[in-house]
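Engineer: Would you be able to build a 3D model of this:
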Amino acid sequence: MKRLSFYATLPHDCNYRPEQLAVSAVADPRAQMTTTIYGDLIERGFRRSGAHVYAPHCPNCRSCIPTRVVAPRFQPNRSQRRNLRRNTDLGVFRMPARADDEYFDLYERYLQGRHPGGGMDDPTPETFENFLVSHWCETLFVEFRDRGRLLGLAVTDLLPRGLSATYTFYDPEAGIARGLGTYAILWQIEEALRRQLDHLYLGYFIPECDKMNYKHRFRPVEGLVDGEWRELSAD
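Structural biologist: Next comes the predicted model:
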């Protein structure tokens with residue numbers, strides 16, 4: 001960690017606040033990254049995209065709040081309990097992270113159905129692998145299947161002191177009806193408990209962005225504010 005260098009990207013359009021320009025701090029891609037180092041960095045607010053590790057570093061905005069669920073204290077609310085019951089029929093399979101035609105087909109349909117025009121809806125197998133798979137990080141592709149049919153996939157990083165919910169994608173129709181985005185998070189919280197880990201990292205909470213503020217519903221949730229992890233209020 002002490003020898004790791006960081007670089008700032010050039011300003012670019014923000015994906016979540018169109019009126020803002022975003023800047024990221026990026027760990028030196030030439031450095032030897034490991035799961036242990038990444039585990040330390042994620043506790044400092046970093047995330048990974050493929051093999052690259054980054055954090056928001058915008059000079060005039062602090063909207064992105066790193067979040068994590070405190071797994072041993074988590075209590076599902078009424079809606080989340082219904083979601084768990086609705087999905088008890090699914091088969092769940094932990095698989096090694098890899099590029100696969102079945103995964104890519106689901107990923108492509110998800111982006112086209114859920115994020116059209118979002119800049120990611122023309123993927124290739126190469127961009128899929130570069131975005132979700134890393135040579136240095138221990139990652140699971142968690143499959144959610146209905147009688148053999150792949151409905152959803154949660155990309156989950158295994159870290160020394162927690163899990164990281166890196167990305168989830170699902171069948172645009174069946175996934176919405178079942179609430180698979182919510183179910184994937186609930187399953188990963190339970191997996192953290194099974195592994196005797198304290199936290200599930202959810203990435204960035206952006207209060208004013210509808211696509212990112214769902215993380216506030218998994219309580220208790222902590223946010224990294226001014227360098228300290230604090231429980232976020234329900235407001």
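Engineer: Lowest mean pLDDT among the helices and strands of this protein, which one is it?
Structural biologist: Ranked by mean pLDDT, DSSP states H and E, the helix or strand of the chain with the weakest confidence is strand 12-13, at a mean of 90.
Engineer: which helices and strands sit right next to that strand?
Structural biologist: strand 21-22 (3 or more C-beta pairs under 8 Å, 6 or more residues apart in numbering; DSSP states H and E). The C-beta positions use only the backbone N, C-alpha and C, and glycine is treated the same way.
Engineer: And the contacts of the strand it packs on?
Structural biologist: Applying C-beta atoms under 8 Å, 6 or more residues apart in numbering, the external contacts of strand 21-22 come out as P11, H12, D13, C14, N15, P56, C58, C61.
Engineer: If we use 6 Å, what do you get?
Structural biologist: Strand 21-22 is touched from outside by P11, H12, C14, C58, with contacts defined as C-beta atoms under 6 Å, 6 or more residues apart in numbering.
Engineer: Quick check on these: which are buried?
Structural biologist: Buried residues within the contacts of strand 21-22, counting neighbours by 16 or more other C-beta atoms under 10 Å: C14, C58.
Engineer: so where do the helices sit in the chain?
Structural biologist: 35-42, 78-86, 101-114, 125-132, 174-178, 180-194 (DSSP state H).
Engineer: quick one: which of those helices is nearest W229?
Structural biologist: helix 35-42 (11.5 Å; C-beta to C-beta).
Engineer: For that closest one, which residues meet the burial criterion?
Structural biologist: For helix 35-42, by 16+ other C-beta under 10 Å, it's I37, Y38, G39, L41, I42.
Engineer: And it, what does it pack against?
Structural biologist: Using 3 or more C-beta pairs under 6 Å, 6 or more residues apart in numbering; DSSP states H and E as the contact criterion, no helix or strand is in contact with helix 35-42.
Engineer: Alright, that wraps it up for me.
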